[in-house]
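Chemist: coords please:
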Amino acid sequence: MAADGPDSGSEAPVAPAAPLARPSIPHALRAAASDFFYNSWRLVPANIVWGVAFIAIALLGISAPLLGLVLVPLLALPTVGLFRIAALIARGEAVSLSDGFSAWRRFGGPALATGLVVTVCAVVATWDLLAGLTSNSFVGWVLGTLAAWGLLVVSATTIAFWPLLVDPRRVDRPVRERLRLAGMVVVAYPLRIAALLLVLALVFVGGFVAFAALVTIAVAYSASVACRWVLPAADRLEARLAMRDRTAEGR
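Modeler: The predicted structure follows:
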């Protein structure tokens with residue numbers, strides 16, 4: 001069973017945690033690369049588990065598209081495992097590969113709910129976007145534009161929520177509060193979260209071009225980058241809000 005404190009199954013040294021002070025994408029990219037250097041034997045196997053699940057669902061989807069689509073939310077389990085490992089590394093906590101698997105049980109409910117909501121939203125928004133792009137009417141174009149914005153908002157909120165869901169410093173908070181904080185991060189840093197999405201999209205495109213990278217490193221690296229950016233962004237935002245509340249109370 002993974003713990004937020006020292007892990008008896010973690011004898012190997014972990015990467016030194018960078019201070020979570022200022023949300024910076026270049027810093028997140030460098031820190032994530034360092035995470036891989038020190039923790040590849042944890043991150044790569046967890047990424048392979050994700051890759052195997054992805055390939056199995058994709059192959060099933062070729063022969064039975066509807067069943068494959070129904071199973072897509074199950075990818076949330078290996079995803080939450082990867083983010084749990086990445087978040088523990090980012091926070092400088094003791095970590096082992098078993099933390100990724102124990103996260104399936106510990107965060108399985110919220111993870112599956114997230115996977116289901118994201119899948120439904122992605123399917124509906126993509127359908128509306130394609131309908132809008134192929135439409136010759138003004139209403140169709142408006143529908144397509146709204147669908148595109150919807151996809152962007154869902155993607156931004158999701159990439160902010162995964163690190164906060166498994167953050168060892170916030171695991172005692174209600175899931176609803178962590179989801180609300182993810183939305184606040186998106187609102188507070190809209191341009192930076194858009195840039196983060198672009199960077200992660202490029203990583204995924206590179207992973208699909210070199211498919212072995214997708215199966216072995218791309219998802220884990222993306223999780224590390226997201227944790228290295230989202231967690232300090234959330235810390236900074238909450239500190240700023242707390243200072244504003246104290247100032248208001250002092251008046």
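
Chemist: C-alpha only now, for contacts and for neighbours.
Modeler: OK.

Chemist: So, low pLDDT: which residues of the stretch 151-251 of the chain?
Modeler: Scanning the stretch 151-251 of the chain with the threshold set as pLDDT under 70 gives 250-251.

Chemist: Show me where it has its helices.
Modeler: 175-188, 190-209, 211-213, 219-250 (DSSP state H, counting those that start in this stretch).

Chemist: now, of those helices, which is deepest in the fold?
Modeler: Among those, helix 219-250 has the highest mean neighbour count (mean count of other CA atoms under 10 Å), at a mean of 20.

Chemist: which stretch among the helices of the stretch 151-251 of the chain comes nearest residue 84?
Modeler: helix 219-250 (8.9 Å; CA to CA).

Chemist: Throw the helices of the stretch 151-251 of the chain into JSON lines and include distance to residue 56, thanks.
Modeler: Listed next are the helices of the stretch 151-251 of the chain as JSON lines, based on distance: least, CA to CA, whole Å:
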{"stretch": "helix 175-188", "distance to residue 56": "30"}
{"stretch": "helix 190-209", "distance to residue 56": "16"}
{"stretch": "helix 211-213", "distance to residue 56": "14"}
{"stretch": "helix 219-250", "distance to residue 56": "16"}
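
Chemist: quick one, what contacts the nearest residue to residue 164 once chain neighbours are set aside?
Modeler: Spatial nearest neighbour of residue 164, excluding adjacent residues (CA to CA, 6 or more residues apart in numbering): residue 178 at 6.0 Å. By CA atoms under 8 Å, 6 or more residues apart in numbering, the contact set of residue 178 is 161, 164-165, 170.

Chemist: that older thread, looking at the helices of the stretch 151-251 of the chain, spot the one closest to residue 136.
Modeler: helix 190-209 (29.4 Å).

Chemist: How about residues contacting that closest one?
Modeler: With CA under 8 Å, 6+ apart as the test, helix 190-209 has contacts from 25, 155-156, 159, 186, 213-215, 218-219, 222, 226.

Chemist: For the stretch 1-150 of the chain, give me the ranges with low pLDDT.
Modeler: Residue ranges of the stretch 1-150 of the chain with pLDDT under 70: 1-22.

Chemist: Thank you kindly, that will do.
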